[in-house]
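Q: Sequence first, then the predicted structure:
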2 protein chains.
Amino acid sequence: MFRVLSKTGSLFVLFACMSFSNQSLAAEALPSWNDSDSRDAIVSFVEKTVTLGSPDYVPVAERIAVFDNDGTLWAEQPMYFQAIFTFDRIKELAPQHPEWETQEPFASVLKDDVRGALAGGEAAFVQMAMATHAGLSTEEFAKSVTDWVNTAKHPTTGKLYTEMVYQPMLEVLRYLRANGYKTFIVSGGGIDFMRPWAERVYGVPPQQVVGSSIKVKYEILDGVPTLRKIPELNFIDDKEGKPAGIHQHIGRRPTMAFGNSDGDFQMLEWTTAGSGPRLGVYVHHTDAEREWAYDRDSHIGQLVRGLDEGPERGWVIINMKDDWHTVFAD
Amino acid sequence: MFRVLSKTGSLFVLFACMSFSNQSLAAEALPSWNDSDSRDAIVSFVEKTVTLGSPDYVPVAERIAVFDNDGTLWAEQPMYFQAIFTFDRIKELAPQHPEWETQEPFASVLKDDVRGALAGGEAAFVQMAMATHAGLSTEEFAKSVTDWVNTAKHPTTGKLYTEMVYQPMLEVLRYLRANGYKTFIVSGGGIDFMRPWAERVYGVPPQQVVGSSIKVKYEILDGVPTLRKIPELNFIDDKEGKPAGIHQHIGRRPTMAFGNSDGDFQMLEWTTAGSGPRLGVYVHHTDAEREWAYDRDSHIGQLVRGLDEGPERGWVIINMKDDWHTVFAD
C-alpha cells in the first residue's frame, strides 16, 4: 500500500507513525502526564537526540540535563523549605544565643514573623544560613539535615517535605537517565542541604548536585581529620551564578535545562544558546488547587521574563494544572 | 581431595587460590606493572571492595577514586606542564604588554629565566595564570589549551605532553572503572587547563575533574551569552584545599586516593580516615633513567611527609623504577 503513495504521502505517513510512536512512548515513560504538547515536546526532543543516525543525535558523554530544585523538582511554598529548616535551627539554637532575641533577622524568626525574617532578602538569608550551618563538620551538618528531612512536616499539607516532590518530574529524571542522560541539580539552595537526600529521593548522586555554599576548612580536631563549615560565603548559585556553577562543576554546556523562575533564566539561556539541539523547559505553577498558582507577583519563584521571552525562544512552558495528571506521589 | 583436608588446611588452600587468582588478575589488569607488592595491594583492595559478600564490600555508588594529576598521572619535570603553557602564552601575548619587559615575573619569563620566573612561588604563578588566562571566554581558553596540547613538545623528551602520561596509571584508571569505580582528578592544576584533554587521554569526563580556578562571569556580549574568565582567584586545590575541593565537587569521601607529593598528603589523609576500607597510594619518583628521580629536596613535587608517615599509615608507596615495567606508552 505504501508503494502507491506519492513521496509527500509517504513522508506524511512516516511522520504520523513517528508521532504516534512518540506519543505511546510518552504515555509509557511519563504516566503522570496528561497527553499534552509539553510532554510530547520533551519526549520528541529526547528521542531525536538519542536515535543513532538522527541529525540531532547527541553522544552519550554530552547528554547533560540540569534541573533547578525549589519549584521545579519539589514545592517551594509558602517559602523555600531550606528557609523553614533554617528557622527551625534558629529556634533550636536560640538558648545558646540570647542576643538573637533583639537582633534581626533572628528576632523575627523567634516571633514566627516570616515576613520580617525574610525582609532583608538574600543577605538576611545568607546571614541566617551562616549562623546556623557554620561551625558544624560536614558530617554533623548532613546528619542535622537528614534528621530534619525525616521528621519535619510541611505547615499546610502535613506531608514530609520529601513527599512534596513532583511525581511527573521524577518520571522525567528517570526517563532521561534511561536514555543515557546524566541528571544534575543546579539550585540556588544549599549544596550540602540537598545532598543528604537527593540520591534517595531523586536518584541524583552527591557529585551531580550543584548549589550555593559557604566555605569549608580542613583541620585536624583532636586527631580527627575534619571538614568544618565556616561562616564565609563561597558561592551563590542563582541567576548569573547558575551558568558559572554549571561551568565550575560540570564543565560542559547542558543539552537540557529545567527551571521554574526567573532565577533560572540565565541557566536556560546559556543552555539553549549552545549549538546543536538544546531544550529549555519552564514549570509554570498554575494549579491553586493541587499545588499553588503563582508567577509574576510571587514573593518566591517569581516568573516574569521567562513567561515573556520563553515562548519566542522556543522554550517549553509546562502548565502544571493542565499537563500533569498527578502532582505529588501518594 | 579437598574433603580430607582439615578446616585450617582448606582455608589455607582457599587463601592460596585467592592469592594466586589476584596475582593473575593483577597481571591481566595491569600489564605494565611488574609483579610487585604495590600492584598486588591495589588489586587486592579493589577485589575485596567489589566482591559481593566480602566484609569490605563497597556499594557501587560509593566507589570513588581520586587522582592527583601532575606527577601522578603525567610527568611534572622540569616544571609543571601548565607553567610551560603559561610561559608560552606570556611570550605570545608579550607584544600587547610592553610593560612585561621590566615587570616580574613576566620579565624573567621573557628572558627564559625559569628560576626567576618561579621565584615568587604560588603567588607569582597565580599572577601569571590570571594575566594569561583571564579575559578569554571559557570556549576560547579551551581552544588555546587544545591547540597547545596538540602541538607543544616537552623540552627534553620532545614528546607531546599528553604522551607523557604514565601507562601503568592509565591501566589503573581503566581497571577501576571496569570495577564500578568513578575516577576523578583532584589536582592543584587548573580545572580548565585539564578538562579539554582529560576525557580523551584519561577517560575522565569534565564533570569529574577538580582543580584550581579563577572565577568566571556570565554576560551577554554582542547578544551572545558568554562565560568569561576574570582575574579573580576562585579556588586553590592544593594541600588542605584538596579535601575541601573533594567535598565541594564530589560530596562524598573517596574510597581510594592516589598522589605523589606532600601537596596530596591531606587528600590521602582525609580519604583514609574514613570508616570502612580505604586506600592511600603514593607514586614515588625513583627512576632517573626512564623518568626522573626526586622526592625530599625537589623544587617540584616535594615528598617528605608522605615518605615519613605514609608506610605507618598503611599507604602504598609505588617505587616507579622497580614496580613499573613501562613508564610512558609508546
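A: That came through fine.

Q: any idea of the mean pLDDT for stretch A:305-325?
A: Averaged across stretch A:305-325, pLDDT comes to 98.

Q: and that stretch, is it in reach of chain B?
A: No. Applying CB under 8 Å from any CB of the partner chain, one finds stretch A:305-325 separated from chain B by no less than 11.5 Å. Heads up, the C-betas are built off the backbone N, CA and C, glycines and all.

Q: Report the distance from that stretch to the chain centre.
A: Offset of stretch A:305-325 from its chain centre (CA atoms, centre = their mean, to the nearest Å): 16 Å.

Q: What lies in contact with that stretch?
A: For stretch A:305-325, the external contacting residues (CB atoms under 8 Å, 6 or more residues apart in numbering or on different chains) are A:31-34, A:36-39, A:41-42, A:166-168, A:259, A:261-262, A:264-265, A:268-269, A:272, A:279-287, A:289-291, A:293, A:295-296, A:327.

Q: What about chain B: which of the residues you listed touch it?
A: Okay, of the contacts of stretch A:305-325 touching chain B (CB under 8 Å from any CB), that's residue A:269.

Q: From the contacts of stretch A:305-325, keep the buried residues only.
A: Neighbour counting with 16 or more other CB atoms under 10 Å in any protein chain shown marks A:32-34, A:36, A:38-39, A:41-42, A:166-168, A:259, A:261-262, A:264-265, A:268-269, A:272, A:279-287, A:291, A:295, A:327 as buried within these.

Q: Can you list which of the contacts of stretch A:305-325 are found in strands?
A: Judged by DSSP state E, the contacts of stretch A:305-325 include A:259, A:279-284 as members of strands.

Q: Nearest to chain B, out of those: which one, please.
A: Comparing the ones in strands among the contacts of stretch A:305-325 against chain B with CB to the nearest CB places residue A:280 closest, at 12.0 Å.

Q: my read: that closest one touches residue A:257, true?
A: Yes. Between residue A:280 and residue A:257 there is a contact at 5.4 Å, judged by CB atoms under 8 Å.

Q: and for those two, which residues touch both?
A: Contact criterion CB under 8 Å, 6+ apart; residues shared by residue A:280 and residue A:257: A:268, A:271-272.

Q: And stretch A:180-198, end to end?
A: 19 Å (CA to CA, to the nearest Å).

Q: For it, the averaged confidence score.
A: Computed over stretch A:180-198, the mean pLDDT rounds to 98.

Q: Identify each buried residue in it, please.
A: Neighbour-count burial for stretch A:180-198 flags A:181-198 (criterion: 16+ other CB under 10 Å).

Q: what about that stretch, near chain B?
A: Yes. Judged by CB under 8 Å from any CB, stretch A:180-198 and chain B are in contact via A:182, A:184, A:191-192, A:195.

Q: Give the full set of residues in contact with the closest residue to chain B within the stretch 51-200 of chain A.
A: For the stretch 51-200 of chain A, the residue closest to chain B is residue A:195, as judged by CB to the nearest CB, at 4.9 Å. Counting by CB under 8 Å, 6+ apart, residue A:195 touches A:142, A:206, A:209, B:251.

Q: Tell me the most packed of those, by neighbour count.
A: Highest neighbour count within the contacts of residue A:195, by other CB atoms under 10 Å in any protein chain shown: residue A:209, with 25 neighbours.

Q: pLDDT weak spots in chain A?
A: Under the criterion pLDDT under 70, the flagged ranges of chain A are A:1-21.

Q: what sits against residue A:302?
A: Residue A:302 touches A:261-262, A:295-296, counting by CB under 8 Å, 6+ apart.

Q: In the contacts of residue A:195, find the pair that's most separated.
A: A:142 and A:209 (12.3 Å; CB to CB).

Q: What backbone torsions are found at residue A:222?
A: phi 50, psi 40 (degrees, to the nearest 10).

Q: Run a quick neighbour tally on it.
A: Going by other CB under 10 Å, the residues that sit close to residue A:222 add up to 5.

Q: follow-up on the earlier one: residue A:134: which of the ones in strands among the contacts of stretch A:305-325 is nearest?
A: Set against residue A:134, the nearest of those by CB to CB is residue A:259 (28.6 Å).

Q: I'd say that closest one and residue A:68 touch.
A: Yes. Between residue A:259 and residue A:68 there is a contact under CB under 8 Å: 4.2 Å.

Q: what residues do these two have in common as contacts?
A: residue A:267.

Q: Now residue A:230: which helix or strand?
A: Assigned by DSSP states H and E, residue A:230 falls within strand A:224-235.

Q: So is that strand next to chain B?
A: Yes. Counting by CB under 8 Å from any CB, chain B is contacted by strand A:224-235 at A:224-225, A:227, A:234.

Q: And that strand, what does it pack against?
A: Counting by 3 or more CB pairs under 8 Å, 6 or more residues apart in numbering or on different chains; DSSP states H and E, the packing neighbours recorded for strand A:224-235 are helix A:121-133, helix A:138-151, strand A:209-221, helix A:241-249, helix B:241-249, helix B:265-272.

Q: Include distance to residue B:91 when you put the contacts of residue A:195 into CSV, please.
A: Below are these laid out as CSV (distance: CB to CB, whole Å):
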residue, distance to residue B:91
A:142, 48
A:206, 42
A:209, 41
B:251, 40
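
Q: and the residue lying closest to residue A:49 once chain neighbours are set aside, what does it touch?
A: The shortest distance from residue A:49 to any non-neighbouring residue, by CB to CB, 6 or more residues apart in numbering or on different chains, is to residue A:58 (4.3 Å). Shown in contact with residue A:58 (CB under 8 Å, 6+ apart): A:49-50, A:255, A:276-277.

Q: Same check on residue A:25?
A: Here residue A:25 is in contact with A:43, A:47 (CB under 8 Å, 6+ apart).

Q: Is it located within a helix, as I assumed?
A: Yes. Counting by DSSP: H, G, I helix; E, B strand; the rest coil, residue A:25 is part of a helix.

Q: Near chain B, which residues of the stretch 101-250 of chain A? Just list them.
A: By CB under 8 Å from any CB, the residues of the stretch 101-250 of chain A that approach chain B are A:138, A:182, A:184, A:191-192, A:195, A:199, A:205-209, A:213, A:215-219, A:224-225, A:227, A:234, A:240-241, A:243-244, A:247-250.

Q: Please repeat the previous calculation with a cut-off of 7 Å.
A: Residues of the stretch 101-250 of chain A lying close to chain B (CB under 7 Å from any CB of the partner chain) are A:138, A:195, A:199, A:205-207, A:209, A:213, A:216, A:218, A:224-225, A:227, A:240, A:243-244, A:247-250.

Q: Could you pull out the strands in the stretch 51-200 of chain A for me?
A: A:64-67, A:182-190 (DSSP state E, counting those that start in this stretch).

Q: Surely residue A:259 is in contact with residue A:269?
A: No. Counting by CB atoms under 7 Å, residue A:259 stays clear of residue A:269, with 10.3 Å between them.

Q: and the residue nearest to residue A:293 when sequence neighbours are not counted, how far is that from residue A:239?
A: Leaving aside its sequence neighbours, residue A:293 sits nearest to residue A:286 (CB to CB, 6+ apart; 5.4 Å). Using CB to CB, to the nearest Å, residue A:286 is found at 23 Å from residue A:239.
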